[in-house]
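**Student:** Got a sequence here, can you build the structure:
(one chain, ligands or ions: 3)
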Amino acid sequence: MEVTVLVGSQWGDEGKGKIVDILSDRYDFVARYQGGANAGHTVIIGDQQFILHLVPSGILRENVKCVIGNGVVIDPQALLDEIQFLESSGISTKGRLFISHNAHLIMPYHKLLDQINESGANKIGTTGRGIGPCYIDKYARKGIRIVDLLDRNVLKEKIKLNLEEKNNLLKKVYNHAELDVEKIINEYVEFDKQIDQYITDAPSLLNNAILEGQSVLIEGAQGTMLDVDHGTYPFVTSSNPTSGGACTGTGIPPTKISSVFGIVKAYTTRVGNGPFPTELFGDEGEELRKTGAEFGATTGRPRRCGWFDAFLLNYSRMINGIERTAITKLDVLGYLDEIKVCVGYEKNGKKLKSYPTDISQLENVTPVYETLKGWRQDISGARSFNDLPAECKEYLSFISQESGIEIKIISVGPKREQTIEL
Ligand code: GDP
Ligand code: IMO
Ligand code: MG
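**Tutor:** Residues are numbered from 1 along each chain as shown. Ligands and ions are numbered 1, 2, ... in the order given. This is a model prediction of the structure:
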């Protein structure tokens with residue numbers, strides 16, 4: 001049965017939430033595999049806007065079951081707030097939301113350490129949600145997992161052990177007040193009472209469903225260039241948003257993955273620090289940000305904006321094995337007389353053959369642009385490919401050819417109905 005991995009192809013915020021919502025009525029399950037509440041996936045239904053941070057965007061389709069996989073790092077408060085928001089909006093999570101017993105928990109000291117790290121010289125521009133420090137503990141084999149909540153004694157012991165070390169660090173290295181062990185234990189015991197009903201053996205749930213012929217859409221968070229292995233390290237997140245992460249982050253084996261679907265914004269954005277070769281500055285950048293309403297769904301920070309980068313997309317297609325794509329926010333470009341597309345990078349007058357993820361190289365490249373004619377009209381009412389102006393069709397054809405991607409969905413606005421399927 002169909003198991004599709006959906007990935008962000010650029011630096012995140014490509015419109016994954018909207019496209020997961022569109023596709024999810026064709027799937028039995030939607031599962032998240034990495035990241036945490038650093039993600040902000042927006043879905044607009046009618047007049048209502050939902051910004052999902054941890055719960056998969058499929059939750060808005062009542063026949064879809066949702067799984068938070070083992071690769072996700074869970075902030076209890078963010079999760080409870082989100083569940084409460086959904087329930088109060090008439091979206092039931094009971095019997096539809098499942099949380100992997102092996103997912104790691106974000107602890108108060110993770111958020112604190114994230115913020116402390118960001119106040120130093122090596123600023124990444126993180127979301128401050130404790131993501132990096134939580135994954136550090138996971139890989140240092142000190143992490144506290146959902147399964148640890150099930151045994152109060154194990155939970156207390158693990159929190160005590162972790163806090164001994166963290167309080168030492170906070171006090172001696174950062175000159176910060178110590179955290180109260182009992183307070184944290186009580187908070188997490190309370191959290192367990194509320195999420196106990198959702199905890200499950202997610203790999204068995206998903207694999208049994210696949211064996212029975214059910215379909216799964218695996219929803220990525222962040223984007224390819226924020227991948228800790230394949231992105232613009234160190235200006236990345238601490239997980240693997242690329243398609244490879246979907247298997248380790250859910251327990252679905254590679255032999256069961258049917259296809260990889262890429263979400264591609266019609267231009268490029270990035271939040272936080274790090275190189276961005278096609279970035280636009282000054283009035284040009286400001287106008288694109290304003291027209292595209294490019295402000296973070298999680299932190300509200302202004303997103304850096306720039307031209308579409310086909311060289312980057314080619315890299316992203318290769319790393320993820322992207323077969324089909326959705327192009328989002330095409331409507332935003334309607335104000336431009338001319339639109340540039342980056343078709344390669346040059347360094348010291350020479351064209352680069354492969355994408356440089358080493359930032360010392362990436363910071364010094366010169367993008368090579370082709371200039372296309374803009375369509376200068378509002379396309380947000382287009383409902384079929386033929387409704388699109390000729391210059392717009394030309395833009396799509398050019399970026400798909402230059403990036404080697406096949407476009408299956410064109411999004412011309414944030415709403416469900418503003419979607420063209422090819
Ligand atoms: P995600 O993190 O990839 O899910 O993306 P975000 O939700 O952070 O950011 C995408 C933003 O663009 C959201 O505000 C969406 O409502 C909006 N959006 C999605 N698709 C379109 C589109 O085709 N056109 C316009 N104008 N907005 C869109
Ligand atoms: P969605 O799923 C865009 C960025 C942060 C920062 C870097 C590391 O909505 O596309 P972190 O808090 O993860 O340690 O921050 O990654 N970042 C995102 N940028 N969209 C996201 O998620 C992001 N999640 C993290 O801005 O540059
Ligand atoms: Mg987002």
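**Student:** ok, now how distant is the one residue in the stretch 151-300 of the chain that gets nearest to ligand 3 from Gln49?
**Tutor:** Taking C-beta to the ion, ligand 3 has its nearest neighbour within the stretch 151-300 of the chain at Ala297, 4.4 Å off. Bear in mind the C-beta positions are built from the backbone N, C-alpha and C, glycine included. The gap separating Ala297 from Gln49 is 10 Å, by C-beta to C-beta, to the nearest Å.
**Student:** Tell me which of the two has more neighbours.
**Tutor:** Ala297 (18 against 11; other C-beta atoms under 10 Å).
**Student:** what do Ala297 and Gln49 both touch?
**Tutor:** Shared contacts of Ala297 and Gln49, defined by C-beta atoms under 8 Å, 6 or more residues apart in numbering, are found at Thr42.
**Student:** returning to what we had before: now the residue of the stretch 151-300 of the chain closest to ligand 3: closest residue in space that isn't a chain neighbour?
**Tutor:** Computed as C-beta to C-beta, 6 or more residues apart in numbering, the closest residue to Ala297 that is not its neighbour in sequence is Gly40, at 2.9 Å.
**Student:** before we move on, back to that, quick one: residues contacting the residue of the stretch 151-300 of the chain closest to ligand 3.
**Tutor:** 13, 40-42, 51.
**Student:** Summarise which helices and strands the helix or strand hosting Glu157 is packed against.
**Tutor:** Using DSSP states H and E, the element containing Glu157 is helix 152-168. For helix 152-168, the elements it packs on are helix 108-118, helix 181-195, judged by 3 or more C-beta pairs under 8 Å, 6 or more residues apart in numbering; DSSP states H and E.
**Student:** now the helices: where do they sit in the stretch 201-350 of the chain?
**Tutor:** Using DSSP state H, counting those that start in this stretch, the helices found in the stretch 201-350 of the chain span residues 202-211, 245-248, 282-291, 310-320.
**Student:** after the helix or strand containing Ile83, next one along is what?
**Tutor:** Take DSSP H and E as the rule and Ile83 turns out to sit in helix 76-88. Note on helix 76-88: by DSSP H and E, the next helix or strand toward the C-terminus is strand 97-100.
**Student:** How about residues contacting that following strand?
**Tutor:** Counting by C-beta under 8 Å, 6+ apart, 55, 59, 65-70, 72, 74, 83, 146, 195, 198-203, 205, 250-251 sit against strand 97-100.
**Student:** So is stretch 345-365 next to ligand 2?
**Tutor:** No: between stretch 345-365 and ligand 2, judged by C-beta under 6 Å from any ligand atom, nothing touches; the nearest distance is 12.9 Å.
**Student:** buried residues in that stretch?
**Tutor:** 345, 352, 355-357, 362, 365 (16 or more other C-beta atoms under 10 Å).
**Student:** any idea which of those is closest to Ser239?
**Tutor:** Proximity of the buried residues of stretch 345-365 to Ser239 (C-beta to C-beta) peaks at Thr357, which lies at 16.3 Å.
**Student:** contacting residues for that closest one?
**Tutor:** Contacts here follow C-beta under 8 Å, 6+ apart; on that basis Thr357 touches 230-233.
**Student:** rewinding a little: out of the helices of the stretch 201-350 of the chain, which comes closest to Arg304?
**Tutor:** helix 282-291 (7.2 Å).
**Student:** Which among the contacts of Thr357 count as buried?
**Tutor:** The buried subset of those - by 16+ other C-beta under 10 Å - is 230-232.
**Student:** can you count the residues close to the closest residue to Thr268 other than its chain neighbours?
**Tutor:** Among residues not flanking Thr268 along the chain, Gly306 sits closest, at 4.7 Å (C-beta to C-beta, 6+ apart). By the criterion of other C-beta under 10 Å, Gly306 has 21 neighbours.
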